[in-house]
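Trainee: 3D, please:
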Amino acid sequence: MSDSTPSARSQLPLLWRLGRGRGAAMAGLLVLDLLSYGTVLAQPRVVKWLLDSVSTGAGFVPGLVALCGVAVLSGVLLFTSNYLLGRFGQRIVLGVRSDMIGALLRARAVAVQREPVGDVLSRVGSDTTLLERAVAEALVRGAGAPLVLLATVLLMALTDLTMALVLLAIAVLGGGIEWLVLRRLYRATEATQAGVGEMLTGLQRVLVAFRTVKASGTEAQEARGVVGRAEAAYRQGAQAARWSALVGACSGVIMDVMFLTALGMGAAKIAAGTLSFGDLVAFLLYVMYVRAPIGAMTQAASAVSEGLAALGRIQRVLAVPAEPDGADADAVPVPAPAGERPPTGIVLEKVSAGYDGTTVLNGISLHVPRGLTVVTGPSGIGKTTLLNLIERFLDAEQGRVFLDGVDIRALRRSDLRRRLAYVEQDAPLLGTTIRQAVRYGTGCTDDREALDALRAVGLADWLTGLPHGLDTVVDERAVSVSGGQRQRLAVARALLRRADVLLLDEVTSQLDADSEEILLRTIADRSRTRIVLAVTHRIAVARRADLVVVLDEGRIRAAGHHTELMRSDPLYRRLATTEVTR
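Mentor: Numbers count the residues shown, from 1 in each chain. Okay, the predicted model is just below:
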């Protein structure tokens, strides 16, 4: 996601686009808003009628009844308008949040995982909240306010043209000043939202590693870091508050100047006999009521400034390219010798791949047949990248990857991944109960199958000891489930997928010897009928493998059986010996 900040002008079409497809609702809200303003503007005329009636001895009861009726109608319309407008804004926000969530989940894994989680959450959460007011104020109330202002000015001009022109000049001058302030408000709001995102990112990092922080005694240090980011966000927010307050102050001063000017000029006209007392009261009421459309326009401009700042950050999420699901046009079958069938299993043909311009795998060729294949080597040399290539979380920069003779780029990603079962190193659990966690993404609806899978990975006794069995609740980060249990649950989930290929990333790293042995027996048994590719440092896994591949510096250094490599490859022998003596 790019961090470049779009200009406010470039964001305006995006803001209007949010109302696309909701024209009828917006028109209805605009009409309702204008009707509520219309009842307010009728009140000065009713007051003038009441005062004129009293001054001529015609009585005040009819005028008073009319004034009360208009006021009640105005209140009802205003409540209805505000409620429906607020609900409309919430609907817009829901749509944007849905689009953002969809964009994130459709994006490439590497594109999302490089983003700070806290900043992404801030964009989906607090940034979208700012849009509610921006959309409601700008698309409806801000659009109707000029019409109301024009009607108010016309009514003022019908009462006294000279005073109306003077007050209009004051309003235009004040509006120019407010516009300059609003530009500063936009920039300050953008900086504030970015600061909140940085604070949430820092806090999220600490919470994920909470036990390590406590064990390291670094609570105060981490608190200073997160609070420092909060203070930076506060400073930016204070600047935004200052500019927002200045907008409100300018509006208030302009209105006060207009009211006092009208009062002074009106008093002089009454003294000169060119204006009646009823007309002056009506005119002053118009001046007071002109606050509403001017205030609506000011609030709309302020809300738009804040909303555009948020929309810029939101747009960077929506602009993340989606992971294409179709087949690549240039994908072709793997060539096979004349008269022979293409090789089964996974074939990598001179594959190079990496991240952000850094090559991790460099021209590797490998055939992973059915059975258990183990990839090992020093840390950080591309073992997990190999799994990412097969899952198409990452595409090869050069070379091709085949599955049973078919270039994986010729398959839809969804079809490819249905043939794969992937267990990542952290083995996260998704779902609130063990039943949901083990069934997640498998399509399994049979508890007996789930129990069989849990039994196969050695979790039967553990499950029996739980108070609610499969209905036992696990929390968000599964802190009530040990690391080893989490790994075995993830493997059980992979087994339930009944996939052709099992991709395992360090799935025994947190297991004791007995649990590892049970899990390895299950993996070895399943590898008889499918492809199992396991990335690991554990020598116990390598001993059971049909093929061991040693990666080093992005290339395949050696391949063979465990016993062969112990004799022939010094690096593998050193890795194996070091792991055994730990």
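Trainee: Only C-alpha atoms from now on, for both contacts and neighbour counts.
Mentor: Fine.
Trainee: Can you pull up the most central residue in the protein?
Mentor: For the chain, the residue nearest the mean C-alpha position is Val124 (3.5 Å; C-alpha atoms, centre = their mean).
Trainee: distance of it from Ala209?
Mentor: With the distance defined as C-alpha to C-alpha, to the nearest Å, Val124 ends up 23 Å from Ala209.
Trainee: what are the ranges of the strands in this protein?
Mentor: Along the chain, the segments classed as strands by DSSP state E run 346-355, 358-368, 371-376, 398-403, 406-407, 420-423, 501-505, 531-535, 547-552, 555-560.
Trainee: Columns mean pLDDT on top of those strands, output as TSV?
Mentor: Putting these into TSV (pLDDT from 0 to 100) gives the following:
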stretch	mean pLDDT
strand 346-355	91
strand 358-368	90
strand 371-376	92
strand 398-403	92
strand 406-407	88
strand 420-423	90
strand 501-505	91
strand 531-535	92
strand 547-552	92
strand 555-560	91
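Trainee: Of these, which is nearest Gly102?
Mentor: Nearest of those to Gly102, taken as C-alpha to C-alpha: strand 420-423 at 22.1 Å.
Trainee: just checking, what packs against the closest one?
Mentor: helix 483-496, strand 501-505 (3 or more C-alpha pairs under 8 Å, 6 or more residues apart in numbering; DSSP states H and E).
Trainee: what's the closest of those to Ala296?
Mentor: helix 483-496 (55.2 Å).
Trainee: Next, the angle strand 501-505 makes with the closest one.
Mentor: Helix 483-496 runs at 170 degrees relative to strand 501-505, counting by axes from the mean of the first three to the mean of the last three C-alpha atoms, to 10 degrees.
Trainee: mind saving the C-alpha coords of helix 483-496 as PDB?
Mentor: C-alpha atoms of helix 483-496 as PDB (Å, rounded to 0.1, in the frame of the first residue of the first chain):
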ATOM      1  CA  GLY A 483       2.000 -24.500  21.100                       C
ATOM      2  CA  GLY A 484       2.300 -28.200  20.500                       C
ATOM      3  CA  GLN A 485      -1.400 -28.800  20.700                       C
ATOM      4  CA  ARG A 486      -2.000 -25.900  18.300                       C
ATOM      5  CA  GLN A 487       0.400 -27.500  15.800                       C
ATOM      6  CA  ARG A 488      -1.300 -30.800  16.000                       C
ATOM      7  CA  LEU A 489      -4.800 -29.200  15.700                       C
ATOM      8  CA  ALA A 490      -3.500 -27.500  12.500                       C
ATOM      9  CA  VAL A 491      -2.300 -30.800  11.100                       C
ATOM     10  CA  ALA A 492      -5.600 -32.500  12.000                       C
ATOM     11  CA  ARG A 493      -7.400 -29.700  10.100                       C
ATOM     12  CA  ALA A 494      -5.100 -30.300   7.100                       C
ATOM     13  CA  LEU A 495      -5.800 -34.100   7.200                       C
ATOM     14  CA  LEU A 496      -9.600 -33.300   7.100                       C
END
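Trainee: and for that helix, what are the contacting residues?
Mentor: Contact partners of helix 483-496, identified using C-alpha atoms under 8 Å, 6 or more residues apart in numbering, comprise 421-423, 426-429, 437-440, 442, 444, 449-450, 453-454, 456-459, 478, 502, 507-511, 519.
Trainee: picking that back up, turn the strands of the chain into TSV, columns for mean neighbour count and distance to Arg573.
Mentor: Converted to TSV, the strands of the chain look like this (neighbours: other C-alpha atoms under 10 Å; distance: least, C-alpha to C-alpha, whole Å):
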stretch	mean neighbour count	distance to Arg573
strand 346-355	20	25
strand 358-368	17	21
strand 371-376	25	12
strand 398-403	21	29
strand 406-407	21	35
strand 420-423	23	27
strand 501-505	25	21
strand 531-535	26	17
strand 547-552	23	11
strand 555-560	17	12
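Trainee: domains of the chain?
Mentor: Domains of the chain are assigned by automatic domain parsing as 8-318, 346-580.
Trainee: hang on, the earlier thing: now for the residue nearest to the centre of the chain: which residues touch it?
Mentor: Per C-alpha under 8 Å, 6+ apart, neighbours of Val124: 97, 100-101, 314.
Trainee: Now the two most distant members of these.
Mentor: Maximum distance among those (C-alpha to C-alpha): 10.9 Å, for Ile101 and Ile314.
Trainee: where's stretch 69-85 relative to the chain centroid, distance-wise?
Mentor: In terms of C-alpha atoms, centre = their mean, to the nearest Å, the centre of stretch 69-85 is found 36 Å from the chain centre.
Trainee: Please read the previous query as pertaining to stretch 562-578.
Mentor: With C-alpha atoms, centre = their mean, you get 47 Å for stretch 562-578.
Trainee: Export only the CA atoms of that stretch, formatted as PDB.
Mentor: Once non-C-alpha atoms are left out, stretch 562-578 reads as follows in PDB (Å, rounded to 0.1, in the frame of the first residue of the first chain):
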ATOM      1  CA  HIS A 562      19.100 -39.100   5.200                       C
ATOM      2  CA  THR A 563      21.800 -41.800   5.400                       C
ATOM      3  CA  GLU A 564      23.300 -40.700   2.100                       C
ATOM      4  CA  LEU A 565      23.500 -37.100   3.100                       C
ATOM      5  CA  MET A 566      25.000 -37.800   6.500                       C
ATOM      6  CA  ARG A 567      27.900 -39.400   4.600                       C
ATOM      7  CA  SER A 568      28.200 -37.000   1.600                       C
ATOM      8  CA  ASP A 569      27.200 -33.500   2.700                       C
ATOM      9  CA  PRO A 570      29.100 -31.700   5.500                       C
ATOM     10  CA  LEU A 571      26.400 -29.000   5.900                       C
ATOM     11  CA  TYR A 572      23.600 -31.500   6.400                       C
ATOM     12  CA  ARG A 573      25.700 -33.600   8.700                       C
ATOM     13  CA  ARG A 574      26.500 -30.500  10.800                       C
ATOM     14  CA  LEU A 575      22.800 -29.400  10.900                       C
ATOM     15  CA  ALA A 576      21.700 -32.900  11.900                       C
ATOM     16  CA  THR A 577      24.400 -33.300  14.500                       C
ATOM     17  CA  THR A 578      23.700 -29.900  16.000                       C
END
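Trainee: about what we covered before: just the buried ones among the contacts of Val124, please.
Mentor: Among these, those scoring as buried are 97, 100, 314 (criterion: 16 or more other C-alpha atoms under 10 Å).
Trainee: Okay, and which of those residues map to helices?
Mentor: Residues of the buried ones among the contacts of Val124 located in helices (DSSP state H): 97, 100, 314.
Trainee: Give me the pLDDT for the second one.
Mentor: Met100 is assigned a predicted lDDT (pLDDT) of 84.
Trainee: same question, the last one
Mentor: If you check Ile314, the pLDDT there is 80.
Trainee: tell me the contacts of the closest residue to Leu73 other than its chain neighbours?
Mentor: Of all residues not flanking Leu73 in the chain, Thr39 sits nearest, at 7.1 Å (C-alpha to C-alpha, 6 or more residues apart in numbering). The contact partners of Thr39, by C-alpha under 8 Å, 6+ apart, come to 70-71, 73-74.
Trainee: Give me the number of neighbouring residues for Gly38.
Mentor: 17 (other C-alpha atoms under 10 Å).
Trainee: should've said Arg106
Mentor: Arg106: 16 surrounding residues under other C-alpha under 10 Å.
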